[in-house]
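Asker: Okay, here's the prediction I keep looking at, along with the sequence it came from:
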Amino acid sequence: MKAPPFRYARPRTLAAALKLLAEGGETARLLAGGQSLVPALNMRLLEPKLLIDINDVSELSGISETRTGIRVGALTRQAVLGASDIVARRAPLLTAAVPFIAHAAIRNRGTFGGSLAQADPAAELPACAVALEAQLEIAGPRGLRRVPARDFFKGVYETALAPDEILVAAEIPAQRGETLFLELARRHGDYAMAGLAGWAMVQQGRVTEARLVFFGTDIRAIEAKAASAALATSVEAAIAALDHDLTPVADFNASAAMKRHLAGALLRRACAAVMARAA
Amino acid sequence: MSETVAVRLTVNGATVERDVQPRLNLVDFLRDELGLTGTHWSCEHGACGACTVRVDGEIVRGCLVFAVQLDGATVETVEGLTDSGALAELQAAFHVRNAVQCGYCTPAMLLTADALLRRDPDPSRETIRAALSANYCRCTGYHAIVDAVADAARERAKRP
């Protein structure tokens, strides 16, 4: 189908975009990459009165190196994120994740911030943001605020963003350890049935510290704290500990039990890959 | 209906100016406003890939971009890329390998394959399959298309 009629605005500054959003209220929507919003419009799941195209808002753009890590503007295209040398050096988990996001034609338009704000439970970038302890910078009528990624994702398509706020950027501390990234999907580019994003420090064949985040299993990206801690004991202990961490939810791809099984399988594969690399 | 917005963009090298409704997507703009029917639509939600075109040099889903967003942009379609010869090896290989049945997906397949070969001139069959997973073909079973893209990569390597 075709999108329903809407008015179109293309502000050039963050202040102008915020003003339009405040005026539009619940009937306005931000248009960034449009790779989730436009399908929703075409399927008539949404009928906003006003689309605020933020693609010209310069405050939202760019990747830069900071003292502690990197800063990624919300409007950064996923393809640009995946090709960035700064990202590959400071947050290689993101570099590993990008090729799994949909397809090249979609990554050329889809944005980093859009993926976070959409908060699809099976999406890659929210899980990476949690695993990397990103701080999300949010602008609104009351100024700027920062929210840790682990508090940002609330549920299926649900975040800490208020309707009058705009996600501006993520501040991401430099990644430590070896990258863990794997996902299982029915076809390349589909949303994951289950996925794992994280990192692990390995010394003399043992994991000394790790942060594992699962996506596509629960209603949001879930930090598997018990499994991360149990990795110091053994991979099998970590897989068993996933029972504490995960509350898998069935979708049209897989039952809850299958998702729980796949999470364990991913963890076993990822650990084998990390050990092989570290050896 | 909503008000129209004036846009001016370059399509296959020519400047075009139109007043468009904001809801008009790029595929319908190309087909209905400009008569460029080589770009096809099918699912209209970004899944099938039939509407693949180039915007500012990179492939995108035409059904997921509104024409109103493209003021100042450069758009290239299968018609323009055929005229320039950019797709010549791919088109010849699709013909030789019989990688076309109904042909509906073919223009977009060519653009997706071209984007792959520009990024990776010597892709493995696995890489070709991963790239083509962006585009549905409901006739061929893909084998002949993968063969054609592999052939075209070898032909392109001979370009001066």
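Answerer: In hand now; what should we look at?
Asker: need the contact list for the residue in the stretch 1-150 of chain A that chain B sits nearest to.
Answerer: Closest residue of the stretch 1-150 of chain A to chain B, CB to the nearest CB: residue A:103 (3.3 Å). Backbone N, C-alpha and C define where each C-beta goes, glycine included. Residues in contact with residue A:103 (CB atoms under 8 Å, 6 or more residues apart in numbering or on different chains) are A:189, B:49, B:131, B:133-134.
Asker: Kindly report the residues of chain B close to chain A.
Answerer: B:1-3, B:5, B:21-23, B:25, B:28, B:44-46, B:49, B:52, B:55, B:58-61, B:63-66, B:68-69, B:112, B:115-116, B:119, B:129-131, B:133-134 (CB under 8 Å from any CB of the partner chain).
Asker: Quick one, which of the residues you listed are buried?
Answerer: Taking 16 or more other CB atoms under 10 Å in any protein chain shown as the criterion, what is buried in the residues of chain B next to chain A is B:5, B:21-23, B:25, B:28, B:44-46, B:49, B:52, B:55, B:59-61, B:63-66, B:68-69, B:112, B:115-116, B:129-131, B:133-134.
Asker: still on that earlier bit, how about a markdown table for the contacts of residue A:103, with secondary structure, pLDDT and distance to residue A:37 added?
Answerer: Formatted as a markdown table, these follow (DSSP: H, G, I helix; E, B strand; the rest coil; pLDDT from 0 to 100; distance: CB to CB, whole Å):
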| residue | secondary structure | pLDDT | distance to residue A:37 |
| --- | --- | --- | --- |
| A:189 | coil | 88 | 19 |
| B:49 | coil | 97 | 19 |
| B:131 | helix | 96 | 25 |
| B:133 | coil | 95 | 23 |
| B:134 | coil | 95 | 19 |
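Asker: In CSV, list those along with distance to residue A:205.
Answerer: Below are the contacts of residue A:103 laid out as CSV (distance: CB to CB, whole Å):
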residue, distance to residue A:205
A:189, 35
B:49, 44
B:131, 37
B:133, 37
B:134, 40
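Asker: Skipping adjacent residues, who's closest to the residue of chain B found nearest chain A in space?
Answerer: Per CB to the nearest CB, residue B:134 is where chain B lies closest to chain A, at 3.3 Å. The shortest distance from residue B:134 to any non-neighbouring residue, by CB to CB, 6 or more residues apart in numbering or on different chains, is to residue A:103 (3.3 Å).
Asker: So which of the buried ones among the residues of chain B next to chain A sit within helices?
Answerer: B:28, B:112, B:115-116, B:129-131 (DSSP state H).
Asker: what's the closest non-adjacent residue to residue 76?
Answerer: Went with chain A since none was named. residue A:112 (4.5 Å).
Asker: let's do chain B instead
Answerer: residue B:54 (4.1 Å).
Asker: correct me, but that neighbour touches residue B:65?
Answerer: No: when contacts are counted by CB atoms under 8 Å, residue B:54 is not listed as touching residue B:65 (11.3 Å).
Asker: Tell me where chain A has helices.
Answerer: Ranges of helices in chain A, per DSSP H, are A:14-24, A:37-42, A:78-83, A:85-90, A:92-97, A:104-107, A:112-118, A:124-131, A:149-152, A:225-230, A:235-245, A:256-278.
Asker: Which residues of the stretch 51-200 of chain A lie near chain B?
Answerer: Close to chain B, as judged by CB under 8 Å from any CB, the stretch 51-200 of chain A has residues A:51, A:53, A:55, A:79, A:102-106, A:108-109, A:187-189.
Asker: what's in contact with stretch B:137-151?
Answerer: B:89-90, B:93-94, B:96-102, B:105, B:109, B:113, B:116-117, B:123, B:125, B:128-129, B:132.
Asker: So which of those sit within helices?
Answerer: Those of these lying in helices (DSSP H): B:89-90, B:93-94, B:96, B:109, B:113, B:116-117, B:125, B:128-129, B:132.
Asker: Contacts only, for residue B:10.
Answerer: Taking CB under 8 Å, 6+ apart as the test, what residue B:10 contacts is B:16, B:73-75.
Asker: Quick check on those: which are buried?
Answerer: B:16, B:73, B:75.
Asker: doesn't residue B:30 make contact with the first one?
Answerer: No: taking contact to mean CB under 8 Å, the distance of 9.9 Å between residue B:16 and residue B:30 leaves them out of contact.
Asker: Narrow the ones in helices among the contacts of stretch B:137-151 to those that are buried.
Answerer: The buried subset of the ones in helices among the contacts of stretch B:137-151 (16+ other CB under 10 Å) comprises B:89-90, B:93-94, B:109, B:113, B:116-117, B:128-129, B:132.
Asker: farthest-separated two in the residues you listed?
Answerer: The distance between the two most remote of those (CB to CB) is 19.1 Å, for B:89 and B:129.
Asker: does residue A:151 really touch residue A:145, like I thought?
Answerer: No: in this structure, residue A:151 is not within contact of residue A:145 by CB under 8 Å, at 11.2 Å.
Asker: Specify the beta-bridge partners of residue A:144.
Answerer: Residues in a beta bridge with residue A:144, per DSSP bridges, are residue A:139.
Asker: Find me the pLDDT at it, would you?
Answerer: Looking at residue A:144, its pLDDT is 98.
Asker: for residue B:1, same thing?
Answerer: At residue B:1, pLDDT is 52.
Asker: still on that earlier bit, need the contact list for the residue nearest to residue A:76.
Answerer: Contacts of residue A:112 by CB under 8 Å, 6+ apart are A:72-78, A:81, A:125, A:170.
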